[in-house]
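*Asks:* this one's structure only:
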């Protein structure tokens with residue numbers, strides 16, 4: 001058995017044992033920990049074959065794991081491979097759409113529920129985006145642009161300046177040993193960096209010295225940190241999340257970044273509202289299908305059931321119903337999902353309107369052409 005075939009066999013074993021209950025990256029880490037025979041190069045190649053299998057398997061029903069991976073290599077790489085046929089190696093330089101055409105493959109077959117997409121999502125572009133890995137994006141913090149670019153250049157890291165303090169890098173770049181993350185730069189997808197662009201925060205709150213903010217589904221804190229950098233010295237944040245471990249990491253991150261906090265609270269917002277204060281701004285970056293990030297996590301749509309969209313919508317509406325009473329009169333709600341589905345986006349926009357809020361603007365952030373995630377943002381005033 002060749003080294004390539006051995007790697008393919010290992011990848012097939014790993015994929016067959018994965019049930020989607022945890023992130024695949026975590027599953028891989030656990031698997032390799034239990035099987036220390038894999039060296040670093042072996043782990044890298046086996047992981048790669050797993051991920052590209054997930055990307056294209058729906059396009060090649062009935063083929064073996066090995067055959068699917070070989071077609072995936074052809075579709076996702078630009079250099080020849082010794083295991084590919086002479087015909088495919090000769091066409092390896094073609095664009096993705098040209099390769100699909102050569103194979104007679106319709107990329108729309110890769111996802112079974114395209115009819116659920118938001119109005120602003122292009123079905124073909126979204127389907128194609130699932131076949132390649134997005135870039136890594138960082139946001140340079142105010143005043144740190146020169147330091148960040150210098151450090152990256154000295155480390156020999158290629159980057160592209162795409163404006164608004166954002167840089168794109170190749171996805172495999174490791175930054176921990178190069179940059180002081182969160183102090184100098186924040187790892188944050190390009191579209192996530194843009195969620196407040198349509199909100200005109202400085203205009204909404206120009207007369208206020210302090211803006212009371214509730215980051216209701218705080219997660220890792222990327223939105224809090226972004227808002228702090230947009231309105232330096234003006235915000236006081238309360239952060240809630242259903243997981244105490246997440247809030248522990250949130251507090252550490254905010255301290256590292258120098259962001260002032262009022263308090264953090266563990267809360268299940270599908271059941272109750274734990275706060276007593278009224279806020280000028282509520283960020284509702286609600287739990288969602290994550291479908292806008294599936295190009296980063298191609299395993300997720302293999303285990304995603306269409307019925308889950310309705311479950312997410314129900315959960316989102318419960319959260320919104322509980323948090324909106326804490327929005328101050330004339331306050332601003334920023335509703336955010338990293339979903340591409342209409343039920344989680346436009347349909348919830350209409351639901352929020354029934355709760356007495358006025359839509360200021362909405363944006364479908366389509367990241368396909370920029371090799372980034374896709375998101376939905378709607379801004380409301382009470």
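*Replies:* That came through fine. Nothing here was measured: the structure is a model prediction, and the numbers come from that model.
*Asks:* roughly how far out does stretch 12-20 sit from the chain middle?
*Replies:* Averaging C-alpha positions (Cα atoms, centre = their mean, to the nearest Å) puts stretch 12-20 23 Å from its chain's average.
*Asks:* for it, what is the average pLDDT?
*Replies:* What stretch 12-20 shows for mean pLDDT is 95.
*Asks:* Quick one: residues in contact with it.
*Replies:* 24, 27-28, 31, 46, 50, 53-54, 65-66, 299-300, 302-303 (Cβ atoms under 8 Å, 6 or more residues apart in numbering). C-betas here are computed from N, CA, C, even on glycine.
*Asks:* Stretch 22-42 too?
*Replies:* Against stretch 22-42 from outside (Cβ under 8 Å, 6+ apart): 7, 10, 14, 17-18, 43, 46-47, 50-51, 54, 297, 299.
*Asks:* Make a PyMOL selection of the buried ones in those residues.
*Replies:* One line in PyMOL is enough to select the buried members of the contacts of stretch 22-42, burial here meaning 16 or more other Cβ atoms under 10 Å:
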select buried, resi 7+10+14+18+43+46+47+50+51+54+299
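*Asks:* would TSV of the contacts of stretch 22-42 with distance to residue 362 be doable?
*Replies:* Conversion of those to TSV gives the following (distance: Cβ to Cβ, whole Å):
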residue	distance to residue 362
7	46
10	46
14	41
17	42
18	36
43	43
46	42
47	38
50	37
51	33
54	31
297	25
299	30
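*Asks:* From the contacts of stretch 22-42, which land in helices?
*Replies:* Applying DSSP state H to the contacts of stretch 22-42, the entries found in helices are 7, 10, 14, 43, 46-47, 50-51, 54.
*Asks:* Give me the phi and psi for the residue nearest in space to the middle of the chain.
*Replies:* Among the residues of the chain, residue 293 comes closest to the average C-alpha position under Cα atoms, centre = their mean, at 4.1 Å. Geometry field for residue 293 lists phi and psi as phi -110, psi 10, criterion degrees, to the nearest 10.
*Asks:* I'd like the distance between it and residue 300.
*Replies:* Plainly put, residue 293 is 8 Å away from residue 300 if you go by Cβ to Cβ, to the nearest Å.
*Asks:* for residue 220, same thing?
*Replies:* Residue 220 sits 18 Å away from residue 300 when distances are taken as Cβ to Cβ.
*Asks:* do residue 8 as well
*Replies:* Residue 8 sits at a distance of 22 Å from residue 300 (criterion: Cβ to Cβ).
*Asks:* Same question for residue 272.
*Replies:* According to Cβ to Cβ, residue 272 and residue 300 sit 30 Å apart.
*Asks:* Run through the strands of this protein in chain order.
*Replies:* Secondary structure of the chain (DSSP state E): strands at 136-140, 159-161, 166-169, 185-187, 211-215, 235-241, 261-266, 279-285, 327-337, 358-365, 375-381.
*Asks:* so for the third one, what's the average pLDDT?
*Replies:* Averaging the model's pLDDT scores along strand 166-169 yields 96.
*Asks:* do the fourth one as well
*Replies:* For strand 185-187, mean pLDDT is 96.
*Asks:* ok, back up a step: for the strands of the chain, give me a markdown table that also has mean neighbour count.
*Replies:* Conversion of these to a markdown table gives the following (neighbours: other Cβ atoms under 10 Å):
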| stretch | mean neighbour count |
| --- | --- |
| strand 136-140 | 23 |
| strand 159-161 | 14 |
| strand 166-169 | 20 |
| strand 185-187 | 22 |
| strand 211-215 | 24 |
| strand 235-241 | 23 |
| strand 261-266 | 15 |
| strand 279-285 | 24 |
| strand 327-337 | 20 |
| strand 358-365 | 16 |
| strand 375-381 | 24 |
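*Asks:* Right, I'll leave it there.
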